[in-house]
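K.L.:
Need coordinates for the below:
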Amino acid sequence: MTEVAISRRHFFVGSLLAGAVPAGGFGSAPSLKRLGYKSPNEKMNFAAIGAGGKGFSDIMGCQTENLAALVDPDEKRAAKTFSAFPNVPKYKDFRRMFDREAKNIDAVTVSAPDHIHGSASMWAMVRGKHVYCQKPLTRTVWEARELTRAAVKYGVATQMGNQGYSNEGARQCCEMIWNGDIGAVKEVHAWTNRPLKYWPQGPDVVPKEEPVPNNLDWEAWLGGSPFHPYSPSYAPHNWRGFPDFGCGAIGDMACHILGTPNMALQLTAPTSVECVKQEGKGRYTFPRASLIRFDFPARGSMAPVAIYWHDGLAKQPDTEGVPAGELLGDSDVNGSLFIGDKGMITTGCYGERTRLVPAELMKDYKLPAPLLTRSPGHYRDWIRACKGGEKSCSDFRVAGPFVQWMLLGVIAMRFEGKLLWDAGKMRFTNNSEANRFLKPVFRKGWKFA
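P.N.:
Next up is the predicted model:
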C-alpha cells in the first residue's frame with residue numbers, strides 16, 4: 001500500500017467516528033440498563049406519520065415492533081394500511097396524534113411529503129420520541145440544521161431513510177477509495193432519470209384548482225406550507241415537482257445516489273453550487289432536467305472535489321474516458337462514477353454492484369480488508385439505536401449535514417450563475433435573494449415544534 005493510501009486510511013479511521021459508523025461499531029454492546037433504555041428484546045411502540053405509499057413499506061420494515069398509531073390525511077391512499085391494521089388508532093393530523101398518543105409511543109416513522117418531514121420530526125423529538133424520517137429529511141436547509149441540533153439536544157435515536165448508507169457495496173466503495181485504488185478523487189458524476197416517467201415537471205405543468213376530495217383532509221396535507229387551493233397536480237402523487245412541497249429529483253434520489261460519495265469522500269460543506277444547465281424551466285415546478293455542480297474544498301488528506309448531479313436523463317451520462325456501457329445503473333438509470341487520478345469506480349443507486357472501470361480490472365482484483373463494520377439492515381440499525389445500542393449509520397448528525405449541502409442544489413435551480421456558500425453563517429455571500437429560500441415560512445397554527 002502506498003504512503004498516500006496509508007495516510008488516507010489513517011485519516012478515515014479517525015473521521016469515521018464522526019459520520020460513517022457509530023463509535024462502538026455495529027457489534028458493540030453498551031450497557032442498556034446504565035443508559036436508561038428498555039431491553040432490546042422488548043417491543044417498541046411507534047406511530048407512523050404517513051401510512052400510504054412509502055409509509056406502508058416503512059411500517060413493514062419495522063414489523064418486529066408494535067404499531068401504536070397511524071396518521072394520514074388521505075384515507076384513500078392509506079386504505080391498504082388502515083385495512084391491514086384495523087385496531088390501531090388513526091388520525092389525519094400528526095399534531096392531534098401527538099396530543100392523544102404521546103404517552104403511548106416511543107418513536108415515529110415519518111413517510112409524508114417532503115414539506116411535512118421537518119415539522120413532524122421536530123414535534124417528535126421535542127417530545128422525546130425517536131425518529132425514522134424518509135429522505136430527503138427536510139425541504140429546506142434551515143430545517144435540516146435544526147433537526148441535526150435537536151437530535152443531539154433531546155438525545156433521541158434517529159435515522160434518515162437513505163438505505164444505501166447500510167449497503168455492503170457502499171462500504172466496499174469507501175474502502176476501495178480509502179485504500180488508494182483510484183488515487184485522489186477529483187470528480188464525481190451522479191445521475192438519475194427522475195422525473196422522467198415518474199411525475200410531470202416543467203413549463204407545461206399548471207396546477208388547476210378542483211374541489212377537495214371527500215377522502216382528503218387538505219388542511220392537514222398542506223401542513224405548515226403556504227396555502228394552495230387543492231389540485232390533483234399536487235396530491236396524491238406529483239407534489240415532488242413543486243417547490244413548496246418537494247425538492248424535485250434531488251429530493252427523490254440524491255440522498256440515495258450521493259450517499260456513497262458523501263460517505264466515501266467525507267464531504268462537509270461546499271464552497272459553491274451552480275446549476276450549470278437546465279432544460280424545460282417551469283413557472284410552477286422544477287425544470288424537466290438539470291445539471292448541478294457542487295465544489296468542495298480539501299478535507300484532511302483528501303483533494304478538493306467537484307460533484308456533478310445530472311437529473312432528467314433518459315440514459316446514463318456521456319463521460320470522457322469511460323467506454324460505452326461501462327457505467328452501472330439499474331433500469332431506472334441511477335448511479336454514480338468516481339474519477340480519480342489513477343482510475344475510476346462506478347456504483348448503482350444504493351452503492352450496490354461497486355466495481356472498477358473498465359470492468360476487466362475486476363478480474364484479478366481483491367477487495368481491501370474491511371475497515372467499516374457492516375449494517376444489520378437500515379431499519380434494524382435504527383431500532384437497535386432506539387433501544388440503547390449504537391447510533392444508526394444515517395443518524396441525523398450524519399444525515400443533517402449531508403442534506404444541508406444537497407439542498408443547496410435545489411436553490412441553485414432558481415438562479416443563474418455560481419452561488420458562494422458560507423456554511424458557518426448559513427448564507428450565500430453573493431446572492432441575498434437566494435438566502436430567502438434557506439428557511440420556510442410556516443402558516444399560522446403550524447409552528448415548527
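
K.L.:
Going by C-alpha atoms from here, please, whenever you check contacts or count neighbours.
P.N.:
Will do.

K.L.:
next SSE after the longest helix along the chain?
P.N.:
Counting by DSSP state H, the longest helix found in the chain is helix 396-412. Downstream of helix 396-412, the first helix or strand assigned by DSSP states H and E is strand 419-422.

K.L.:
Sheet partners, orientation included, of that next one?
P.N.:
Strand 419-422 pairs in its sheet with strand 272-279 (antiparallel), strand 427-428 (antiparallel), by DSSP bridges.

K.L.:
Quick one: mean pLDDT over it.
P.N.:
In this model, strand 419-422 has an average pLDDT of 98.

K.L.:
what does it rub up against?
P.N.:
Strand 419-422 has contacts (Cα atoms under 8 Å, 6 or more residues apart in numbering) with Pro270, Thr271, Ser272, Val273, Glu274, Ala412, Arg427, Phe428, Thr429, Asn430, Asn431.

K.L.:
and the second one, how far is that from Met160?
P.N.:
Going from Thr271 to Met160 by Cα to Cα, to the nearest Å gives 25 Å.

K.L.:
Neighbour count: those two, which is higher?
P.N.:
Neighbour totals were compared for Thr271 and Met160, and Met160 leads with 28 against 16 (other Cα atoms under 10 Å).

K.L.:
How is this protein partitioned into domains?
P.N.:
The record's domain split for the chain, according to automatic domain parsing, is 18-165+382-395, 167-372+402-437.

K.L.:
looking at the ones you listed, which is closest to Lys444?
P.N.:
Proximity to Lys444 (Cα to Cα) singles out domain 167-372+402-437 among the domains of the chain, at 7.6 Å.

K.L.:
just to revisit the earlier point, mind giving me TSV with the strands paired with strand 419-422 and columns for mean pLDDT?
P.N.:
As requested, those are exported to TSV (pLDDT from 0 to 100):
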stretch	mean pLDDT
strand 272-279	97
strand 427-428	98
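
K.L.:
In CSV, list those strands along with distance to Ala107 and mean neighbour count.
P.N.:
Shown next, in CSV, are the strands paired with strand 419-422 (distance: least, Cα to Cα, whole Å; neighbours: other Cα atoms under 10 Å):
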stretch, distance to Ala107, mean neighbour count
strand 272-279, 36, 20
strand 427-428, 33, 19
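
K.L.:
Please render those as TSV that adds distance to Val205 to the earlier fields.
P.N.:
Formatted as TSV, the strands paired with strand 419-422 follow (distance: least, Cα to Cα, whole Å):
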stretch	distance to Val205
strand 272-279	14
strand 427-428	30
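
K.L.:
wait, which of the domains of the chain is closest to Trp446?
P.N.:
Closest of these to Trp446 is domain 167-372+402-437, at 4.9 Å (criterion: Cα to Cα).

K.L.:
what about the stretch 1-150 of the chain, any weak spots by pLDDT?
P.N.:
Low-confidence segments of the stretch 1-150 of the chain, defined by pLDDT under 70, span residues 1-41.

K.L.:
hey, where'd the strands end up in it?
P.N.:
Taking DSSP state E, counting those that start in this stretch as the test, the strands found in the stretch 1-150 of the chain are 45-49, 66-71, 90-91, 107-110, 130-134.

K.L.:
for the stretch 251-400 of the chain, same thing?
P.N.:
Under DSSP E, counting those that start in this stretch, the stretch 251-400 of the chain gives strands at 272-279, 289-296, 305-311, 334-340, 344-348, 355-357.

K.L.:
what's the closest of the ones you listed to Ala78?
P.N.:
Taking Cα to Cα, strand 334-340 is the member of those nearest to Ala78, at 28.5 Å.

K.L.:
low-scoring stretches of the stretch 301-449 of the chain, by residue?
P.N.:
Scanning the stretch 301-449 of the chain for pLDDT under 70 picks out the ranges 324, 329-331.

K.L.:
hmm, try it at 90
P.N.:
Low-confidence segments of the stretch 301-449 of the chain (pLDDT under 90): 314-333, 359, 445, 447-449.
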